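Colleague: sequence and computational prediction follow.
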Amino acid sequence: MTVPVWDTSRLLIMEEVAVGVDRVLPTAEGAELVALVREIATEELAPRAAAAEAAGEFPRDAFALLGQAGVLGLPYPEEVGGAGQPYEVYLQALEEIAAAWMSVGVGVAVHVLSCHALHRFGTAEQHAELLAPLLAGDLLGAYALSEAQAGSDITGISTRAKVADEGYSLSGAKAWITHGSRADSYTTFARTSDDRTKGLSCFVVPADAPGLSFGQPERKMGLTGSTTTALYLDAVGVEERRRVGAEGQGMAIALDALDSGRLGIAACATGLAQAALDAAVEHAKERQQFGTAIAEFQGIQFLLADMAAGVDVARAAYLMAARKADAGRPFTRDAAVAKLVATDTAMRVTTDAVQVLGGYGYTRDYPAERYMREAKVTQIFEGTNQIQKLVIARQLLR
């Protein structure tokens, strides 16, 4: 009988970290990177989150700090200025950020998504001029795909890009832009022909382009530290060298990024759920009722157990998808499952955390109510969870 030889390279557990999630990383370097991100998140981000969210302050300096640490380029190759890490390492680092401060976690996910088109479809010149500063964190990127009447259905995009001197003139409006008015560049999709599926093109629009303007920040239920606005283009001139890919390739470029974007939100939702679970466990051990900690009551124990199981399943779902992506295998269904499971879990776990904290959980003196408000939007952006179910079903039935 042949005795199997187990590959122990994947069993690098972050044992040196006394608190937080025990993680299995593929390499020692990956474990060190995630430990560094956890340290930054714990010491630099978490202490600021509540006050900044209450004041609606955009944490631009946090993105600069993460850029200096190499976090914003984690999943991109070293030859284009990234850190060359597998997606499963990047997503676990992203989860740590979101657990400390959800607005920053979502912001990192959007920034990384804004770089996707340049990396996958850009030229060597675009890599050097446009992508490298984004990966280094010198510039902050945003993603301008959605419109008021074109959310999940990107064939409904009406923003136009007409050929003009030295490039294109873009006119139209985009909606729900994370980092709107705060970013340095906007990966923007506009129509170069009337063909519904082959008429879109992709452009990197600089923030200082004449004719580019923004609406007032949306008054949101949560993620108030993350600025979200409409984006308006009034004959905005964009040089041809800022078009990514060929004319008419925009839909393919946008769809190519969808699965990765959904995994980013899944990781953020998992981090948010973990933070809510941690808060609930801590409170249950400290809160006394009838002469004992409420953690001794079976009803609370069962509730916490269900919360923990949900968080573990969410993490396992996004890691399975990430590992398929790293192996070069299709992961569309896996990404949709991860996004669906992780965000539904975040909504349930944050709601249960408020329940564990009781009256305290309903006040803004404790973070549970903020976690609950922040969880809701994860079920909506990057494709609603109803859209995720359509994607999963179509993958099953194709």
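Modeller: On my side now, so go ahead. Numbering: from 1, shown residues only.

Colleague: all helices for the stretch 1-150 of the chain, in order.
Modeller: Ranges of helices in the stretch 1-150 of the chain, per DSSP state H, counting those that start in this stretch, are 28-40, 46-55, 60-68, 87-100, 102-121, 124-126, 132-135.

Colleague: any idea of the mean pLDDT for the second one?
Modeller: The average pLDDT for helix 46-55 rounds to 97.

Colleague: just name the most buried of the helices of the stretch 1-150 of the chain.
Modeller: With neighbours defined by mean count of other C-beta atoms under 10 Å, none of these is more surrounded on average than helix 87-100, at a mean of 28. (C-beta placed from N, C-alpha, C; glycine too.)

Colleague: how big is the angle separating it from helix 102-121?
Modeller: Relative orientation of helix 87-100 and helix 102-121, computed by axes from the mean of the first three to the mean of the last three C-alpha atoms, to 10 degrees: 160 degrees.

Colleague: so what does helix 87-100 touch, helix or strand wise?
Modeller: Applying 3 or more C-beta pairs under 8 Å, 6 or more residues apart in numbering; DSSP states H and E, we find helix 87-100 packed against strand 24-25, helix 28-40, helix 102-121, helix 250-286, helix 298-326.

Colleague: any chance of JSON lines for those, columns distance to Leu74 and mean pLDDT?
Modeller: Putting these into JSON lines (distance: least, C-beta to C-beta, whole Å; pLDDT from 0 to 100) gives the following:
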{"stretch": "strand 24-25", "distance to Leu74": "12", "mean pLDDT": "93"}
{"stretch": "helix 28-40", "distance to Leu74": "7", "mean pLDDT": "96"}
{"stretch": "helix 102-121", "distance to Leu74": "8", "mean pLDDT": "98"}
{"stretch": "helix 250-286", "distance to Leu74": "11", "mean pLDDT": "97"}
{"stretch": "helix 298-326", "distance to Leu74": "12", "mean pLDDT": "98"}
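
Colleague: contacting residues around the closest residue in space to Phe121 that isn't next to it in sequence?
Modeller: Excluding the flanking residues, the one nearest Phe121 by C-beta to C-beta, 6 or more residues apart in numbering is Gly245, at 4.0 Å. By C-beta atoms under 8 Å, 6 or more residues apart in numbering, the contact set of Gly245 is Ala117, Phe121, Gly122, Ser201, Cys202, Ala252, Ile253.

Colleague: gap between the first one and Ile253?
Modeller: Between Ala117 and Ile253 the distance is 5 Å, computed by C-beta to C-beta, to the nearest Å.

Colleague: what's the overlap in contacts for the two?
Modeller: Shared contacts of Ala117 and Ile253 (C-beta under 8 Å, 6+ apart): Cys202, Val244, Gly245.

Colleague: which one of these is nearest to Thr345?
Modeller: Distance to Thr345, by C-beta to C-beta, is smallest for Cys202 among the shared contacts of Ala117 and Ile253, at 32.8 Å.

Colleague: what is the helix or strand hosting that closest one packed up against?
Modeller: In this structure, Cys202 sits in strand 200-206 according to DSSP states H and E. Using 3+ C-beta pairs under 8 Å, 6+ apart, the elements in contact with strand 200-206 are helix 102-121, strand 167-178, strand 185-191, strand 228-239, strand 243-244, helix 250-286.

Colleague: mind listing residues that contact the helix or strand just after the longest one?
Modeller: Spelled out, that is helix 250-286. Using DSSP H and E, the helix or strand that follows helix 250-286 in sequence is strand 288-289. Here strand 288-289 makes contact (C-beta under 8 Å, 6+ apart) with Ile294, Phe297.

Colleague: chain center to the helix or strand that strand 288-289 is followed by, what's the gap?
Modeller: Per DSSP H and E, the first helix or strand lying C-terminal to strand 288-289 is strand 292-293. Counting by C-alpha atoms, centre = their mean, to the nearest Å, strand 292-293 is centred 39 Å from the centre of its parent chain.

Colleague: strand 292-293: partners in the sheet, and parallel or antiparallel?
Modeller: Here strand 292-293 is paired, per DSSP bridges, with strand 288-289 (antiparallel).

Colleague: how far off centre is the partner strand?
Modeller: Using C-alpha atoms, centre = their mean, the offset of strand 288-289 from its chain centre is 38 Å.

Colleague: want to throw the helices and strands packed on strand 200-206 into CSV with distance to Gly222?
Modeller: What follows is these, written out as CSV (distance: least, C-beta to C-beta, whole Å):
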stretch, distance to Gly222
helix 102-121, 8
strand 167-178, 13
strand 185-191, 23
strand 228-239, 11
strand 243-244, 32
helix 250-286, 10
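
Colleague: so which of the ones you listed comes closest to Thr345?
Modeller: Thr345 sits nearest to helix 250-286 of all those, at 5.4 Å, using C-beta to C-beta.

Colleague: I appreciate the help and will end here.
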